[in-house]
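Chemist: Sequence plus the predicted model coming up.
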Amino acid sequence: MTGESNGRVVLIFGPNCAGKSTFGRDLAEQMTRSALIEVDDLHHMVVGGLVAWSGGIMPSERPDEYKRQCHLALTQAVGLVHSFADAGFASVLTSLDEDCLPASGWARSNFPGFRVSNVVVLCDERTLVHRWKERGWPENQLLEAALDHLGRYRSMTSQFDCVVDTSGGDAHPPAASVAPRLSESSREIVG
């Protein structure tokens with residue numbers, strides 16, 4: 001992706017622990033001038049009253065506040081993409097939720113005039129369950145949840161420019177081989 005900069009954004013989707021952040025970092029490193037923006041990091045900037053499993057308040061306990069905090073993180077991420085683009089940097093945006101999927105029109109309304117690539121990072125269910133266990137997630141119904149998460153994304157793979165599989169145990173998917181394909185497949189989003 002040499003020479004990619006202003007007006008370029010790669011949006012990365014997938015289930016929690018599928019390898020989005022690792023792949024996103026590796027992909028950003030393949031680009032000449034780029035920034036990695038992890039929506040999860042922005043979400044976790046809220047330290048008082050964080051609604052997340054890691055914050056001790058489950059989203060199901062306070063769904064309206066959870067949605068508000070997620071929206072706030074997305075708003076900040078969009079602002080960062082635009083700021084980096086103004087400075088001549090491309091952005092790789094990870095940990096996007098299903099409200100931002102390619103068919104939703106979210107990218108069209110937030111990145112008019114940008115060249116946008118959409119990537120989904122997946123793995124097999126055993127790998128996903130193992131990664132969730134490593135993070136200390138409650139073990140009841142992990143396999144059922146993994147199958148549900150993976151099934152939703154697998155049913156939408158035609159929406160994405162690239163599908164990356166991290167099942168092989170390698171924490172670093174082949175970003176170097178994916179980067180050129182994304183440059184060729186990106187679409188300009190016209191307002």
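Modeler: Thanks, I have it. Numbering: from 1, shown residues only.

Chemist: hang on, Ser91 in a helix?
Modeler: No: per DSSP: H, G, I helix; E, B strand; the rest coil, Ser91 lies outside any helix segment and is strand.

Chemist: Show me what it bridges to in the sheet.
Modeler: Val9, Ala35 (DSSP bridges).

Chemist: okay but it is in contact with Ser83, surely?
Modeler: No: counting by Cβ atoms under 8 Å, Ser91 stays clear of Ser83, with 9.3 Å between them. In this view, the C-beta of every residue, glycine as well, is placed from N, C-alpha and C.

Chemist: and stretch 111-131, what's its mean pLDDT?
Modeler: The average of the pLDDT scores along stretch 111-131 is 88.

Chemist: one step back: neighbour count: Ser91 and Ser83, which is higher?
Modeler: A count of neighbours by other Cβ atoms under 10 Å puts Ser91 above the other of Ser91 and Ser83, at 27 against 12.

Chemist: Excluding chain neighbours, give the residue nearest to Leu42 in space.
Modeler: Ala73 (4.0 Å; Cβ to Cβ, 6 or more residues apart in numbering).

Chemist: Give the helix, strand or coil label for the one you found.
Modeler: At Ala73, secondary structure determined by three-state DSSP is helix.

Chemist: what's it in contact with, if anything?
Modeler: Going by Cβ atoms under 8 Å, 6 or more residues apart in numbering, Ala73 touches Val39, Asp40, Leu42, His43, Met45.

Chemist: For ChimeraX, what selects the buried ones among those residues?
Modeler: Buried residues among these (16 or more other Cβ atoms under 10 Å), as a ChimeraX selection:
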select :39,42,43
